[in-house]
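A.B. asks: I need the structure of the sequence given here:
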Amino acid sequence: MKTTRVPIIPKKQTFAKVDAPHAIDFKAICVFAATGFFLEDDSFFKDEKILQPGTEYVLNANGQIQEQNSFFKWYSKPRDISFKTALAEFTDLFEMIVKEQTGNNRVLLPLSGGLDSRTQAVALKHLKADVHSYSYSFKDGFKEHKISELMAKACAFPFDPFIIPSHYLWEVLDDAAAINNCYSEFTHPRQMAVLKEFKAMEGEFSLGHWGDVFFDRGIAEQDAHLTELDLIYKKVIKKGGLAVASALWKSWDLDGDFESYLKMRIQKLLNQIDIDDKGAKIRAFKSLYWAPRWTSVSLSFFQEAQPVNLPYYDDRMCQFICEIPEQYLADRKLQIEYIKNRDATLARIPWQEQMPFNLYNYENNKLPYNLPYRIKNKISRKMNAIAGKKYIQRNWELQFLGESNDENLRSYLYDASFLEFVDQEVIDSMYNKFKAEDPVFYSHAVSMLLTLSVWNSKFNKS
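C.D. replies: Numbering: from 1, shown residues only. Prediction:
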């Protein structure tokens, strides 16, 4: 017997066997197609399950689950404390976790225009850590690395800017599949474009994943009237996800309809979370099912190059979040005040989500204060369009658009063995709608079909 204890938010998936036939789980794959991640303990096969967060397992010699017991359940018990006390506690806890994870190692810090990595930069600068920073931007897209470079200079961190090129996906697709076993689609992880550079670095990554979920509202104000089920459903279904999942469900002749099945599963999981506050409950759901099966899967591309540390994943941070009043977590208040208190220079660097404003004046990101920036930005995009430059906002635009990309994409979608797994009618429908109807809406559907094609050729041993 072997005992395995899974962290509250695990860094990677751990597989185990169950007493079931070795057969493809078509229903699970439909959920994967709709959302981009597998739900709960699902995998591609019925006899393979993923160990769940905050749970201790006993496995037999054959790797089958014999016993499981939860040691942590998400809760919401806000303490009656002031914001000042909450900020002091966050400061002490966050810096303690960062210091413990860093040790005497060199830190590889990805910087962005947001707040999670900026919060890490503040802590690492305060702790006088040895840091090598970097950032990336899409070719012909927003120059996110320019904001990151300002932060690196303010901290005196060495800095590398990376530009994500077009067409890189097809050269690294086999390697990417070997790394994540096709448990996430391939157009999101920009890391594959610079994996060679990552491997040449020395140190350990410190990543800010999940900070934006912990330190913000569980639900947006405009969505407060929605039910918990509708909130999760709205959040997890990708554009075009329902279309491709429903088409696959029908083509595989599964019982009932996909949408009813997915809503039933989500509601069942929601019912198991004993939290009354709607925002806290949504945050708990995301941390239980989204973080381990989507966010953590993408960590594998970092882990392929160097060890990975995640301060927001620490068990103590998870417990801290459960006891902080929701109004203190909302709108990134704790992170904003932490940065302002520790390093005013970093706080004055523009916040990408609130361009061109910073942490001291971002509330001015409204008319008429933001009008000059909006006009300038619009003129710049129009001038680029006249010059024939397309403004790139998403990775799939670099990898799917253009003649060469299209040729590579079609070679996977219309591979002979994949056409035995997925009806050509489904592929034709999604591909043609992507090409001629709405590429933004159907890009996810096409990306998921690409992922399933690669999985079918490499891992489908049913």
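A.B. asks: rest of the way, CA atoms for contacts and neighbours
C.D. replies: OK.
A.B. asks: check which residues of the lengthiest strand in the chain are buried.
C.D. replies: Longest strand of the chain, by residue count under DSSP state E: strand 131-138. Using 16 or more other C-alpha atoms under 10 Å as the test for burial, strand 131-138 gives V131, H132, S133, Y134, S135, Y136, S137, F138.
A.B. asks: need phi/psi at the residue nearest to the first one when sequence neighbours are not counted.
C.D. replies: Read that as V131. Closest residue to V131 apart from its sequence neighbours, by C-alpha to C-alpha, 6 or more residues apart in numbering: V107 at 4.6 Å. Dihedral angles of V107 (phi, psi; degrees, to the nearest 10) stand at phi -100, psi 130.
A.B. asks: surely V107 touches H132?
C.D. replies: Yes. Using C-alpha atoms under 8 Å, V107 makes contact with H132 at a distance of 6.1 Å.
A.B. asks: and the strands in the stretch 101-250 of the chain?
C.D. replies: Listed in chain order, the strands of the stretch 101-250 of the chain (DSSP state E, counting those that start in this stretch) span 107-110, 131-138, 159-164, 204-206.
A.B. asks: make sure P10 is indeed in a helix.
C.D. replies: No. Assigned with DSSP: H, G, I helix; E, B strand; the rest coil, P10 falls outside any helix and is coil.
A.B. asks: pass me the low-pLDDT residue ranges in the stretch 301-450 of the chain, would you?
C.D. replies: Scanning the stretch 301-450 of the chain for pLDDT under 70 picks out 384-392.
A.B. asks: give me the buried positions along the helix or strand containing K382.
C.D. replies: Element membership for K382 (DSSP states H and E) is helix 371-386. Residues of helix 371-386 include none that count as buried (16+ other C-alpha under 10 Å).
A.B. asks: show me what it is packed up against.
C.D. replies: Of the remaining helices and strands, none touches helix 371-386 by 3 or more C-alpha pairs under 8 Å, 6 or more residues apart in numbering; DSSP states H and E.
A.B. asks: kindly format the C-alpha coordinates of the very next helix or strand once past that helix as PDB.
C.D. replies: Counting by DSSP H and E, the next helix or strand C-terminal to helix 371-386 is helix 395-400. Extracted C-alpha coordinates of helix 395-400, given in PDB (Å, rounded to 0.1, in the frame of the first residue of the first chain):
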ATOM      1  CA  ASN A 395      -2.000  33.300 -29.500                       C
ATOM      2  CA  TRP A 396      -4.300  31.400 -31.900                       C
ATOM      3  CA  GLU A 397      -4.100  34.300 -34.300                       C
ATOM      4  CA  LEU A 398      -0.400  33.700 -34.700                       C
ATOM      5  CA  GLN A 399      -0.800  30.000 -35.100                       C
ATOM      6  CA  PHE A 400      -4.000  29.500 -37.100                       C
END
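A.B. asks: list of residues touching helix 395-400?
C.D. replies: 138, 165-169, 187-188, 190, 392, 405-406, 409, 443 (C-alpha atoms under 8 Å, 6 or more residues apart in numbering).
A.B. asks: following element in sequence after it, please.
C.D. replies: Using DSSP H and E, the first helix or strand after helix 395-400 is helix 403-413.
A.B. asks: which residues sit against the helix or strand following that next one?
C.D. replies: The C-terminal neighbour of helix 403-413 among helices and strands, as given by DSSP H and E, is helix 416-421. Here helix 416-421 makes contact (C-alpha under 8 Å, 6+ apart) with Y412, L413, S453, N456, S457.
A.B. asks: now swap in stretch 36-44 and tell me
C.D. replies: So stretch 36-44 is contacted by 24-26, 28-29, 31-32, 48-52, 183-185, 238, 289-290, 293-294, 448 (C-alpha under 8 Å, 6+ apart).
A.B. asks: are any of those buried, and if so which?
C.D. replies: Of the contacts of stretch 36-44, these count as buried by 16+ other C-alpha under 10 Å: 24, 26, 28-29, 31-32, 48-52, 183-185, 238, 289-290, 293-294, 448.
A.B. asks: list phi and psi for the residue minimising distance to the centre of the chain.
C.D. replies: Centroid-nearest residue in the chain, with C-alpha atoms, centre = their mean: T295, separated by 3.9 Å. Per-residue torsions, T295: phi -60, psi -50 (degrees, to the nearest 10).
A.B. asks: from E185, how far off is it?
C.D. replies: 12 Å (C-alpha to C-alpha, to the nearest Å).
A.B. asks: for stretch 272-280, buried residues please.
C.D. replies: Under 16+ other C-alpha under 10 Å, the buried positions of stretch 272-280 are I273, I275, K278, G279, A280.
A.B. asks: whoops, I mixed them up, stretch 447-459
C.D. replies: S447, M448, L449, L450, T451, L452, S453, V454, W455, N456.
A.B. asks: mind putting those into TSV with secondary structure and distance to D343?
C.D. replies: Formatted as TSV, the buried residues of stretch 447-459 follow (DSSP: H, G, I helix; E, B strand; the rest coil; distance: C-alpha to C-alpha, whole Å):
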residue	secondary structure	distance to D343
S447	helix	41
M448	helix	42
L449	helix	46
L450	helix	45
T451	helix	43
L452	helix	46
S453	helix	48
V454	helix	46
W455	helix	47
N456	helix	50
